[in-house]
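*Asks:* Have a look at this prediction, sequence included:
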Amino acid sequence: MSATGEPAPMRHAEPVMGTVVSFAVHPGTAAPDTVRRAIADACGWLHHADRVFSTWDADSPMSRLRRGELGLADVPGEIPDVLRLCEIARERSGGWFDPWRMPGGVDPTGLVKGWAVQRAATILRRSGAQAVMVNGGGDVATVGKPGDGRPWRVGIQHPWRADALACVVEPARCVATSGAYQRGLHLTDPHTGTAACRVASATVTGPSLALADALATGLAVAGEEGLGNVAGLPGYGAYVICPDGREVSTPGFRFAAQPVPAR
Amino acid sequence: MRRGPLVLGATAVGLVGVLGFRSHNTSAPISSATPSTSRTTSPSSGTSRVTGAAAGGNAATGKATSAGTTGSGVSSTTSPPPAAAPSTTTAPSLLSATGKTEQYGYGEIAVKVTVSGTRITGTSVPVIQTAEQYSQQLAAQVIPMLRGQVLSVQGSRIDGVSGATYTSEAYAMSVQSALDKLHFK
C-alpha cells in the first residue's frame, strides 16, 4: 500500500520480442488468480506474435513472406491483418512510415510491437482488471485508470541524459517512442531509401498503440516537419526532441503538470 | 529468446517493476532535462508552444554519474547510502554481484548490481564490448538509460517509461543473474 492509499499493482516482466515486456495490473475487484492467468495468456500471445512476425528468425512466416516463399494466403491471418493496419498507418503518417519501402521486402516491424502490446493489454482488461499498463520495451499501452481516477503518468526517456526523463506525459491511452538510440537503428527514409533519423527522440500518444508506434517511427525519420501531420489526427499527440536539443510538441500531447506533485 | 515466463520475476522488482514505485521521499522526481534544452514552438503549422521545462533534480535513490563509453567499458556508479555501522544486524548491508556476460547482438555486456536490503542502490557496467563505433555510440546513450530504469525510477511518481530500446534484454538478463547471486527477492 502506498502513501496515497493506492494498492501496489501486480507486476510481471517477460523477455519476448527482443526486449522485455512489463505488466502492471491493478486488479480492482478481479481475483488475483484470474489476473495471473490473464498475464500468462498475454505472454503466450506475445510469444505467438513474435514467432509469426520476427524478421530476425529466418523461418518465421513473416520472413518467408518477405522472401516470396509464401503468399499472403499461406501465412497466419495476423499478417494480412497487420499489413492492412500498415496501409492505414502509411496514409496517416503522410508516407513517412512505409513498410513497403524497406530494404529486403515488406517489413511491418515498426508497427507490430505496438500492435501486439496493445492486444496483450486487451487480454488483461478482459480478465476484469480495473487498470492495465503493458510496456513493451518503451511502447506503452494502458487501459482503465490506476486509482482514484488519476491519469497514468509515463516518463519519456531523455535521449542523452543519464537517469533522466525529458518530460512526463499523461496519455489517455498509449505512448510510443522512437529514437536515434533505438536498437540496431536502421530507420529508412521511404522517400530516398537511405538510412535517416532526424530526431533524438520522437514520441506519439494516441488511442491505438499500433498506429502510435508506426507514427513515432515515421516521425523519427521525418523529423520536426512530421509534427504537423500527427497534429491533424484526432486523439493523437506528438513530442519531438530535435538533434540540437529543442523540444517541440503538438497541442494534443498532454504533459503532466511539472514537477509531478509529491503527495 | 525462449525463456520461461518467470525468468525475470525478480527483475520485475529490479528493472521494470520499480516503475511506479512510490517512495516516501518528498524530493523532486527524476524528471529532468539538460539545461541547454528548451521546449519551443514548432515552425510548422499545427503545433503549440509549450513552456515549462521538465523539473530538475536527481533521483531520490542517489546520484548517478555517467561517463562516455570506450571499448573498455561504461563506468557509472551511484553514491551508496551512508555507510551503516558494520556488523549491526538491523542496518541493511550493501551487497554487490556482477551478472553473467550477455550477448546483445552487437557485442556483449555484464552488469554489476549493488543492493541494500530490498532496494537496488547501484548498477555499473564493468564489461561492454561493441562490434564497431556505431554500436559504441548507441551503448553510450542507452546504458545510462537502462541504469536509469533500474535506479532512478524507484523514487519517481510515474507508472512507466517510454523510450527506444536497444540492449535492454541483455542488460536485464545480466541484472537478473546478478540479483540471483545475491538471492535478491
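*Replies:* Thanks, I have the structure now. Residues are numbered from 1 along each chain as shown, chains lettered A, B, ... in the order given.
*Asks:* tell me the mean pLDDT over the helix or strand encompassing residue A:204?
*Replies:* According to DSSP states H and E, residue A:204 maps onto strand A:201-206. Per-residue pLDDT values over strand A:201-206 give a mean of 94.
*Asks:* Helix, strand, or coil at residue A:25?
*Replies:* At residue A:25, secondary structure determined by DSSP: H, G, I helix; E, B strand; the rest coil is strand.
*Asks:* and residue A:28, which of the three is it?
*Replies:* Using three-state DSSP, the three-state assignment for residue A:28 comes out as coil.
*Asks:* Just the pLDDT for residue A:7.
*Replies:* The confidence metric pLDDT takes the value 75 at residue A:7.
*Asks:* same deal with the one 5 residues further on?
*Replies:* You'll see residue A:12 listed with a pLDDT of 82.
*Asks:* part of a helix, is it?
*Replies:* No: following the definition three-state DSSP, residue A:12 is strand and is not counted among the residues of a helix.
*Asks:* what's the spacing between it and residue A:114?
*Replies:* In this structure, residue A:12 and residue A:114 are separated by 19 Å, where distance is defined by C-beta to C-beta, to the nearest Å. Where you see a C-beta, it was placed from the backbone N, CA and C, and this is true even at glycine.
*Asks:* Quick one: mean pLDDT over stretch A:249-263.
*Replies:* Over the span of stretch A:249-263, the pLDDT mean works out to 68.
*Asks:* Strands of the stretch 1-150 of chain A, residue ranges please.
*Replies:* Remark: strands of the stretch 1-150 of chain A, listed N- to C-terminal, are A:10-16, A:19-26, A:131-136, A:139-143; assignment by DSSP state E, counting those that start in this stretch.
*Asks:* could you dump these to TSV with distance to chain B?
*Replies:* As requested, those are exported to TSV (distance: least, C-beta to the nearest C-beta, whole Å):
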stretch	distance to chain B
strand A:10-16	4
strand A:19-26	4
strand A:131-136	5
strand A:139-143	5
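*Asks:* Quick one: those strands as CSV, columns for mean neighbour count and distance to residue A:78 too.
*Replies:* Written out in CSV, the entries for the strands of the stretch 1-150 of chain A read as follows (neighbours: other C-beta atoms under 10 Å in any protein chain shown; distance: least, C-beta to C-beta, whole Å):
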stretch, mean neighbour count, distance to residue A:78
strand A:10-16, 24, 15
strand A:19-26, 25, 17
strand A:131-136, 27, 16
strand A:139-143, 28, 17
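*Asks:* I'd like those as JSON lines, with distance to residue A:187 appended.
*Replies:* Formatted as JSON lines, the entries for these read as follows, by distance: least, C-beta to C-beta, whole Å:
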{"stretch": "strand A:10-16", "distance to residue A:187": "23"}
{"stretch": "strand A:19-26", "distance to residue A:187": "17"}
{"stretch": "strand A:131-136", "distance to residue A:187": "18"}
{"stretch": "strand A:139-143", "distance to residue A:187": "15"}
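*Asks:* Out of these, which is closest to residue A:87?
*Replies:* The stretch from the strands of the stretch 1-150 of chain A with the least distance to residue A:87 (C-beta to C-beta) is strand A:139-143; that distance is 20.3 Å.
*Asks:* quick one: the residue in the stretch 151-263 of chain A that chain B sits nearest to from residue A:168, how far?
*Replies:* Among the residues of the stretch 151-263 of chain A, residue A:157 lies nearest to chain B; the distance is 2.9 Å by C-beta to the nearest C-beta. For residue A:157, the distance to residue A:168 equals 11 Å [C-beta to C-beta].
*Asks:* likewise residue A:247?
*Replies:* Applying C-beta to C-beta, the value for residue A:247 to residue A:168 is 13 Å.
*Asks:* Neighbour count for these two, which is higher?
*Replies:* A side-by-side neighbour count of residue A:247 and residue A:168, using other C-beta atoms under 10 Å in any protein chain shown, places residue A:168 first with 26 against 22.
*Asks:* what about that one, helix or strand, and which?
*Replies:* Using DSSP H and E, residue A:168 sits in strand A:165-169.
*Asks:* hang on, the earlier thing: which of the strands of the stretch 1-150 of chain A comes out lowest on mean pLDDT?
*Replies:* Mean pLDDT across those is lowest at strand A:10-16; the value there is a mean of 81.
*Asks:* how far off strand A:131-136 does it point, in degrees?
*Replies:* Relative orientation of strand A:10-16 versus strand A:131-136 (axes from the mean of the first three to the mean of the last three C-alpha atoms, to 10 degrees): 20 degrees.
*Asks:* relative orientation of strand A:10-16 and strand A:19-26 in degrees?
*Replies:* Using the same axes, to 10 degrees, one finds that strand A:10-16 and strand A:19-26 are set 160 degrees apart in direction.
*Asks:* Show me what strand A:10-16 packs onto, helices and strands only.
*Replies:* Here strand A:10-16 is seen to pack against strand A:19-26, helix A:32-53, helix B:11-14, helix B:168-181 when contacts are counted using 3 or more C-beta pairs under 8 Å, 6 or more residues apart in numbering or on different chains; DSSP states H and E.
*Asks:* cutoff 10 Å now
*Replies:* If contacts are counted by 3 or more C-beta pairs under 10 Å, 6 or more residues apart in numbering or on different chains; DSSP states H and E, strand A:10-16 sits against strand A:19-26, helix A:32-53, helix A:109-125, strand A:131-136, helix B:11-14, helix B:168-181.
*Asks:* Centre of the chain to that strand, how far?
*Replies:* Averaged C-alpha coordinates place strand A:10-16 at 16 Å from its chain's average position (C-alpha atoms, centre = their mean, to the nearest Å).
*Asks:* Over to stretch A:95-114?
*Replies:* Computed by C-alpha atoms, centre = their mean, the separation of stretch A:95-114 from the middle of its chain amounts to 14 Å.
*Asks:* before we move on, back to that, which neighbours do residue A:157 and residue A:168 have in common?
*Replies:* In terms of C-beta atoms under 10 Å, 6 or more residues apart in numbering or on different chains, residue A:157 and residue A:168 are both contacted by the residues residue B:161.
*Asks:* pLDDT below threshold where in the chain?
*Replies:* Picking chain A for this. Along chain A, the model assigns pLDDT under 70 to residues A:1-6, A:160-164, A:180-186, A:257-263.
*Asks:* could you do chain B instead?
*Replies:* Where chain B drops to pLDDT under 70, the residues are B:1-92, B:103-107, B:117-120, B:122, B:128-158, B:160, B:163-173, B:184-185.
*Asks:* Return the distance of the nearest residue to residue A:36 once chain neighbours are set aside relative to residue A:43.
*Replies:* With C-beta to C-beta, 6 or more residues apart in numbering or on different chains as the criterion, residue A:36 has its nearest non-adjacent residue at 7.4 Å, and that residue is residue A:10. Using C-beta to C-beta, we find residue A:10 at a distance of 13 Å from residue A:43.
*Asks:* Many thanks, we can stop here.
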